Structure formats: structure tokens, C-alpha cells
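Enquirer: next comes the sequence, and after it the predicted model I'd like to discuss.
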Amino acid sequence: MSTALPICPNCQSDAVMKNGRTRHQKQNYKCRDCGRQFVEDPQWRMISEETKGIIDRLLLEKLSLAGIARALEISELWVQQYVNAKYQQVEQEVQVRPKPKRRLTVQMDELWSFVGNRGNKQWVWLALDAQTREIVGVHIGNLRSGSAKLALQSMPPPVYRPCAVVYSDFWSAYAEVLPSKRHYAVGKETGKTSYIERFNCTLRQRVSRLVRKSLSFSKKLENHIGAIWLFISCPVD
């Protein structure tokens with residue numbers, strides 16, 4: 001008794017013939033009408049734009065890439081490749097709205113994480129406008145790198161430099177690079193750095209690779225930086 005051949009998934013034609021086997025020894029078929037080759041119950045499936053949109057939103061939540069793959073029932077390797085490409089496209093530059101001529105107040109703070117292992121510490125420095133709550137400065141890098149202090153010198157952007165008052169903690173690097181007349185090192189009890197500390201807390205809780213005692217750490221510095229910039233450039237309420 002002959003077995004009915006499947007329908008072509010491309011044109012729905014029943015003019016289908018057997019066409020050898022795949023490298024995984026699955027029966028391959030070919031449509032006589034449109035020429036499409038296919039197998040029944042393929043393991044591969046195209047990821048829809050809707051699914052990609054869900055992945056984009058989940059990247060802003062405290063989920064590992066393995067967790068996203070499990071939740072959406074897709075390949076972890078595909079998710080990693082998709083995310084690698086997305087992080088490369090993230091614009092790593094803050095967009096600051098024009099400011100009126102008035103007193104400006106900036107809060108600065110830092111937090112640490114690691115890439116690959118705890119010996120490879122990577123710091124995140126952030127500057128926040130206390131009035132608008134905008135992130136107006138970002139630098140991610142190694143504490144011992146000379147680029148760290150150079151980056152702090154360029155934080156915040158030019159519109160803030162002539163007149164902004166900057167509040168930070170007592171880390172010595174701030175005093176070395178910020179103008180002494182407009183920089184104040186303060187303790188947490190003053191509340192002068194409360195907004196940036198709150199944002200840092202949000203950042204740790206929403207970007208899984210920054211959560212303390214987490215297994216969701218980055219293995220590549222590029223992805224570590226891309227994940228942080230993605231959250232900063234697309235904040236979620």
C-alpha cells in the first residue's frame with residue numbers, strides 16, 4: 001500500500017516526488033510545480049518579526065539569553081547570534097535635550113561588574129541630570145585604564161560644563177577630573193545622589209548580567225557594553 005506524499009508548503013501543490021535524503025537521513029521531497037525542496041516536520045523554522053520584537057523587549061528585562069530561548073522555544077545559538085548583531089547596532093552615545101540657561105545639577109555614580117570572570121572587573125560610570133532625570137554621560141571600562149579618567153573629564157556634555165554643579169561620592173577620581181568649585185563629594189545620607197543611585201539599582205535589577213551573585217554574566221566585553229547601552233538608550237518605565 002502506497003503512502004501519500006505530503007503537500008508542498010510553498011504552493012500547496014500535491015505534485016510532489018521523493019528527492020533523496022538529507023544529511024540527517026530525513027526523507028527529502030521536491031515539488032514538481034514550484035521546485036521547492038522540503039522535509040516533513042522540519043526542525044528549522046523561520047523566526048517571525050513578532051518573535052524578534054518580543055526578544056527585543058525581553059532583553060530589557062532580567063532574563064538571560066538561555067532563559068529567552070527556553071521561554072520562546074527557539075535555539076539558544078540563534079538567540080546569541082541575533083543579540084550579537086543587535087548589540088553591534090546600538091548607538092553608544094547619549095542624546096541630551098537642549099537646556100535653558102539656568103542652574104544645572106548633575107549626579108554622578110559608578111557601579112562594577114565583570115566580564116568572563118570576577119578578575120576582569122568592568123566599571124560603569126553614569127551622570128544624570130537631577131531635574132530632567134536624563135542620563136547625560138556614560139562610560140564603561142576598566143578602572144585601571146587611562147581612558148576612564150579621560151572619559152570622566154568629558155562627562156557631562158558641553159552644555160553642562162560651564163555652570164553645572166556635580167554631586168558624587170568620595171571616589172578620588174572625581175576630585176581629580178571635576179572642577180573643584182562646582183564639585184561636591186557627599187554621602188548617601190544627604191540625598192544629593194539619590195536619583196543616580198536609584199537608577200543604578202534599576203540597572204542592576206533589569207540587566208541580568210549586572211545582578212550581584214548572578215550566573216548571567218557576559219563572556220564578551222562588546223556584548224556587556226552593548227547590553228548596558230541598549231537599556232540606557234531604550235529605558236522601560
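Expert: Thanks, I have the structure now.
Enquirer: helices and strands of this structure: which one has the lowest mean pLDDT?
Expert: helix 146-153 (a mean of 70; mean pLDDT, DSSP states H and E).
Enquirer: list the buried ones in the next helix or strand after it?
Expert: Next helix or strand after helix 146-153 toward the C-terminus (DSSP states H and E): strand 165-168. Judged by neighbour count using 16 or more other Cβ atoms under 10 Å, the buried positions of strand 165-168 are 165-168. In this view, the C-beta of every residue, glycine as well, is placed from N, C-alpha and C.
Enquirer: now render these as TSV, adding distance to Ser64 and pLDDT.
Expert: Below are the buried residues of strand 165-168 laid out as TSV (distance: Cβ to Cβ, whole Å; pLDDT from 0 to 100):
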residue	distance to Ser64	pLDDT
Val165	40	92
Val166	35	93
Tyr167	34	95
Ser168	32	93
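Enquirer: run the chain-centre distance for the longest strand anywhere in the chain.
Expert: Determined from DSSP state E, the single longest strand within the chain is strand 117-129. Counting by Cα atoms, centre = their mean, to the nearest Å, strand 117-129 is centred 14 Å from the centre of its parent chain.
Enquirer: again, but for stretch 92-109
Expert: The answer for stretch 92-109 is 23 Å, by Cα atoms, centre = their mean.
Enquirer: and the average pLDDT for that stretch is what?
Expert: Averaged across stretch 92-109, the pLDDT comes to 85.
Enquirer: ends of it, how far apart?
Expert: 19 Å (Cα to Cα, to the nearest Å).
Enquirer: which residue ranges of the chain form strands?
Expert: 16-21, 27-31, 37-38, 105-115, 117-129, 135-141, 165-168, 183-185.
Enquirer: go through these and name the closest to Asp56.
Expert: Closest to Asp56 of the strands of the chain is strand 135-141 (Cβ to Cβ; 19.7 Å).
Enquirer: tell me the buried residues in that closest one?
Expert: 135-141.
Enquirer: most widely separated two among those?
Expert: The most distant members of the buried residues of strand 135-141, if one measures by Cβ to Cβ, are Val136 and Gly141, lying 18.0 Å apart.
Enquirer: Asn28: how many residues sit nearby?
Expert: If you count neighbours by other Cβ atoms under 10 Å, Asn28 ends up with 15.
Enquirer: surely it is in contact with Pro42?
Expert: No: the criterion here is Cβ atoms under 8 Å, and Asn28 misses it with Pro42 at 10.6 Å.
Enquirer: quick check: neighbours shared by those two?
Expert: Here Asn28 and Pro42 share no contacting residue, scored by Cβ atoms under 8 Å, 6 or more residues apart in numbering.
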